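Q: Predicted model follows, preceded by the sequence.
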Amino acid sequence: MSLRINDVAPDFTAETTQGTINFHQWIGENWAVLFSHPKDFTPVCTTELGAVAALEKDFARRGAKVIGLSVDPVSSHSKWASDIKDVGGHDVNYPIIGDPELKIAKLYDMLAADAGDSCEGRTPALNAPVRTVFVIGPDKKIKLTLSYPMTTGRNFDEIIRVLDSIQLTAKHPVSTPANWKQGEDVIIAGSVSNEQAEKQFPGFKTVKPYLRTAAQPQ
């Protein structure tokens with residue numbers, strides 16, 4: 001099953017380092033960031049989980065919960081957590097899903113249906129596609145997907161930047177330009193007439209007839 005933006009994120013029940021969860025219930029009315037890993041005790045992934053541990057409060061301030069997934073059992077994740085703290089300097093306070101039967105990796109189209117049903121004997125290279133970030137809204141729909149190669153660590157500041165944009169544009173009739181950051185000018189949606197823009201975005205600028213910018217709404 002191929003997953004696209006605005007598809008409902010597949011629901012599942014799984015064991016995590018914080019007990020059994022039902023994914024949709026766990027999300028609740030929050031935003032969620034699910035990020036996956038091909039195997040425990042791999043170098044790039046260790047730095048990534050540590051980076052998220054350092055940023056967990058930043059995600060929480062945005063009403064977003066974070067959850068990891070790795071194609072290994074929960075017992076392995078628990079041992080890995082001490083390495084992650086040693087490397088990143090922060091405790092891993094968010095849950096990490098165990099996926100030893102590859103069920104969730106397949107459910108989220110990160111591994112093929114015929115990839116087998118056990119993590120035993122599988123190398124990180126075999127699980128290379130399990131390096132995807134999913135940002136999921138309170139409506140349980142996928143808002144963003146990003147997939148990375150094994151050799152490139154993910155930029156979680158970028159995930160926060162995207163989350164800021166998604167949340168802003170969900171509330172206001174705007175979009176954000178290339179390299180936008182919180183507090184910078186935004187683009188007014190084409191569905192907003194100039195007359196409406198004058199009221200809603202006083203002092204807006206017309207760069208091109210199809211490109212109008214304004215200060216970020218609060």
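A: Done, it's in.
Q: all contacts plus neighbour counts: C-alpha atoms, from now on.
A: Will do.
Q: residues touching Ile188, list them.
A: By C-alpha atoms under 8 Å, 6 or more residues apart in numbering, the residues touching Ile188 are Pro173, Val174, Ser175, Ala197, Leu211, Arg212, Thr213, Ala214.
Q: Going by distance to Leu146, which of the residues you listed wins?
A: For the contacts of Ile188, the residue nearest Leu146 by C-alpha to C-alpha is Ser175; the value is 19.2 Å.
Q: beta partners for that closest one?
A: Beta-bridge pairing for Ser175 (DSSP bridges): Ile187.
Q: excluding its backbone neighbours, what's nearest Glu120?
A: Counting by C-alpha to C-alpha, 6 or more residues apart in numbering, Glu120 lies nearest to Pro100, which is 7.8 Å off, once chain neighbours are set aside.
Q: Was I right to think that neighbour contacts Val71?
A: Yes - between Pro100 and Val71 there is a contact at 5.4 Å, judged by C-alpha atoms under 8 Å.
Q: more crowded one of the two?
A: Neighbour count, other C-alpha atoms under 10 Å: between Pro100 and Val71, Val71 has more, with 28 against 18.
Q: Quick check: the gap between the more buried one and Asp139.
A: Here the distance between Val71 and Asp139 works out to 27 Å (C-alpha to C-alpha, to the nearest Å).
Q: same deal with Thr145?
A: Distance, Thr145 to Asp139, by C-alpha to C-alpha: 16 Å.
Q: Could I get the full set of strands for the protein?
A: Taking DSSP state E as the criterion, the chain carries its strands at 13-16, 19-22, 31-37, 64-70, 96-98, 132-136, 142-147, 174-175, 186-188, 205-208, 211-214.
Q: what bits of this structure have low per-residue confidence?
A: Where the chain drops to pLDDT under 70, the residues are 1.
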